[in-house]
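In: Could you work out the structure for the sequence below:
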Amino acid sequence: MTAILRAENVCAGYRGRSVLDGVTFALGAGELVGILGPNGTGKSTLVRVLAGHLRPTAGRVRCEGHDLAHRSAGWIARRIARTPQVETTDWPGEVFDAVLLGRSARRGWIRPFGAEDRSAVERCLAETGLTDFAARRVTELSAGEVQRVLIARALAQEPNVLLLDEPTSHLDPKYQYAVLNLARTLTLNRNLAVGIVLHDLEQAARWCDRVAILAGGRIVGDGAPRDTLTAERLSSVYDIPMSVRTDSDGSIRIQVLGPN
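Out: Coordinates of the predicted model:
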C-alpha cells in the first residue's frame, strides 16, 4: 500500500492538554480504514490533524509527500476533505447550494461559480443519491440525508483523501447501512483513501479493509479487522470483557460480556 496521507510520530492536543502521543498512521488509495477506540481517546483529534485543521505539537503530517505545515489551506482542501462529527441543520439553504460550497476549494471564495462547478455538484449529488433532493432545503432533511449532503459537499472538493468523523452516529440501521455502503462505493469508484471514525466494532469489521485502534492517545492496533479486533485487545482497550468469534459466513461477531 502506497500511502497518500501519513501522520508521523504526531503529538497534538488543546491548550496544553495532550491528546495524541506519538501517533503514526497512514491511508492509501482505494482503502477504507476504520478509526476505533473509546470515547475521548483522540479519534476526532486525529481526524482534525490529518485534515490539516489542527497543527501537531510534534511530528508531522504528509500528503503526497508534502508536509501540511508548509502548504496553504487551499492546497490542502484540494486534496483532503473532512466531514464534521456534528453540524447544525438549521441552515435554510437548498441542498444544491450546500454542496456547491465544497467547490470553494477549487474556485476560492471570491471567484464566482461556473458551469464546471455546477456540473461537478450534479455528479456528487448523483453519486450520493441526492439528485431528487437538490431543491430541498437542508432543514427539511433527516439526519441520514444530511450526512449524505455533507459527504457530497466533501466530494465536491475533488479530494484524494476523505475523512468521515462518526458519520453513522444518531442514525437508524437503514441509514447507517446507506452511509457505510456509500463510503465503500466511493472508496472503490473514486479510488479514494478513506478514514472513517466508528464506534460499532462489528460495522468496522464488516466494511473496513483495515482498522486502527486508539487508546491513551496511541495506536495500539493497526491491521486487517480479523487480526486486529481480538478479544484480548478489545477487552483491554475498552476496559470490559469482550468475546470475538467468526461465524460460518466469515462475519466477525463481538460481544460485551460485562464485568466479571
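
In: Just list the residues touching Asp200, thanks.
Out: 168, 176 (CB atoms under 8 Å, 6 or more residues apart in numbering). Every C-beta, even on glycine, is put in place using the N, C-alpha and C of the backbone.

In: Would you quantify the distance from it to Pro167?
Out: According to CB to CB, to the nearest Å, Asp200 stands 12 Å off from Pro167.

In: and the end-to-end length of stretch 68-81?
Out: End-to-end distance for stretch 68-81, by CA to CA, to the nearest Å: 14 Å.

In: where does that stretch sit relative to the chain's centre, distance-wise?
Out: Computed by CA atoms, centre = their mean, to the nearest Å, the chain-centroid distance of stretch 68-81 equals 17 Å.

In: Please, where are all the helices along the stretch 151-260 of the chain?
Out: Shown for the stretch 151-260 of the chain, the helices assigned by DSSP state H, counting those that start in this stretch span residues 173-189, 201-207, 225-228, 231-238.

In: mind putting these in JSON lines, mean pLDDT included?
Out: Output for the helices of the stretch 151-260 of the chain, formatted as JSON lines (pLDDT from 0 to 100):
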{"stretch": "helix 173-189", "mean pLDDT": "92"}
{"stretch": "helix 201-207", "mean pLDDT": "96"}
{"stretch": "helix 225-228", "mean pLDDT": "95"}
{"stretch": "helix 231-238", "mean pLDDT": "96"}
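
In: Deepest in the core, which of those helices is it.
Out: Highest mean neighbour count of the helices of the stretch 151-260 of the chain: helix 201-207, a mean of 20 (counted as mean count of other CB atoms under 10 Å).

In: Would you mind pulling the contact partners of it?
Out: 32, 34, 36, 168, 176, 180, 183-184, 198, 211, 225-226, 229, 234, 251-254.
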